[in-house]
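# generate coordinates for the sequence data below:
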Amino acid sequence: AACPYHALTLQNNTLAQRWEHIFGYQGSNEAFMDVLEYYDKGYLISGSYGQLSGNWIIKTDINGQKLWEKILTWEDVAVFRSAIDVDNQGNIYCASVVSGDPVGELPMITKLDACGKKRWCRVLPQAGYTGGWYDDVLVLDNQDVVSLASRNKSTGVFDKLFLDYIDSNGNLLWRKVYASQENYPLMGQANPFRIGKFGDHYIIYGDCYYAYPTNPNHFYLRPLFVMLDSLFNEQWVLPFGVNDSIIGKAYHTIALNDSVFMGVGAFRLGGNETNALMMFFNDKG
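Below you'll find the model as predicted:
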């Protein structure tokens, strides 16, 4: 939900607060999306700024003091808050969505330099789909990026989880679908949340609607994990949970060792997320 201020707090290992800074303006409508540590040990924050319908990017120093801020806007339509990542030269990639007439709802990725100056911006629709957005972005060692996309159709059965490979100049080189309903007919809808790199493999995590054990026409929510190899080929798809008992979403993945992973998420009951989930799976899915 939107809130009037951004708050960034740093704590040490004993949980004693070291500093706190609040970003925002009285009476404004702002919301938080992503934060990461920058190469200079400062912080990069991504949020939204309602009054200007833009993506609000804030750069701080190591002590949380604001160095600069940028608000990414596009003509007369809204730019939502973005997922962010940086390359080894300090360039910033913001993966989001632009929404409004006449464009509709489309995935958008923007590249900024280390000072926040826009290098390029791309809006990447897909034929046959009414709209979509980027959920996450990951910079690769060669400074190309992969953007995790959700895409929608207005009617019918359709695939929703895609990965776009975009070079450092903003050119779309390829697009792949994962957890496809053609390959997984019991999959009602795959909803991505984030992508992480683990060694030379990648894991996409989120949730999906999957057929109920005793009624294939009824779908229920399950955490979802998708393993990709080093070339982004799908290795396996795991709709996680014991049939009829684990209903929820995956929000993060941690590698415990070379072969065992822990997923973190939320259990959902009656439309409400009521408990935390810890989910353990191996590298074979």
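# C-alpha only now, for contacts and for neighbours.
OK.
# remind me which residues of the stretch 151-285 of the chain are low pLDDT?
Residue ranges of the stretch 151-285 of the chain with pLDDT under 70: 242-244, 269-271, 273.
# show me the longest strand that occurs in the chain.
strand 215-228 (DSSP state E).
# could you check the angle the helix or strand just after that one makes with strand 215-228?
Beyond strand 215-228 in the direction of the C-terminus, DSSP states H and E gives the next helix or strand as strand 234-239. Relative orientation of strand 234-239 and strand 215-228, computed by axes from the mean of the first three to the mean of the last three Cα atoms, to 10 degrees: 140 degrees.
# partners of the helix or strand following strand 234-239 in the sheet?
Moving toward the C-terminus from strand 234-239, the next helix or strand (DSSP H and E) is strand 248-255. Using DSSP bridges, strand 248-255 pairs in its sheet with strand 260-269 (antiparallel).
# beta partners of G47?
Taking DSSP bridges as the rule, G47 bridges to F32, W56.
# note down every partner strand of the longest strand of the chain and its orientation.
Going by DSSP bridges, the partners of strand 215-228 are strand 201-212 (antiparallel), strand 234-239 (antiparallel).
# out of those, nearest to G263?
Counting by Cα to Cα, G263 lies closest to strand 201-212 out of the strands paired with strand 215-228; the figure is 8.4 Å.
# in TSV, list the strands paired with strand 215-228 along with distance to D87 and mean neighbour count.
Compiled in TSV, the strands paired with strand 215-228 are given as follows (distance: least, Cα to Cα, whole Å; neighbours: other Cα atoms under 10 Å):
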stretch	distance to D87	mean neighbour count
strand 201-212	18	22
strand 234-239	25	18
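# in a markdown table, list those strands along with distance to E37.
As requested, the strands paired with strand 215-228 are exported to a markdown table (distance: least, Cα to Cα, whole Å):
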| stretch | distance to E37 |
| --- | --- |
| strand 201-212 | 21 |
| strand 234-239 | 30 |
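# right, and those - which one's nearest G64?
The nearest among the strands paired with strand 215-228, by Cα to Cα, is strand 201-212 at 30.3 Å.
# from the chain's centre, how far out does the closest one sit?
Distance, stretch centre to chain centre, for strand 201-212: 14 Å (Cα atoms, centre = their mean, to the nearest Å).
# equivalent analysis for stretch 223-234, please.
Counting by Cα atoms, centre = their mean, stretch 223-234 comes out at 15 Å from the chain centroid.
# which one of the strands paired with strand 215-228 lies closest to R268?
strand 201-212 (11.3 Å).
# my read is that Q189 contacts G206, right?
No: judged on Cα atoms under 8 Å, Q189 makes no contact with G206 at a distance of 11.0 Å.
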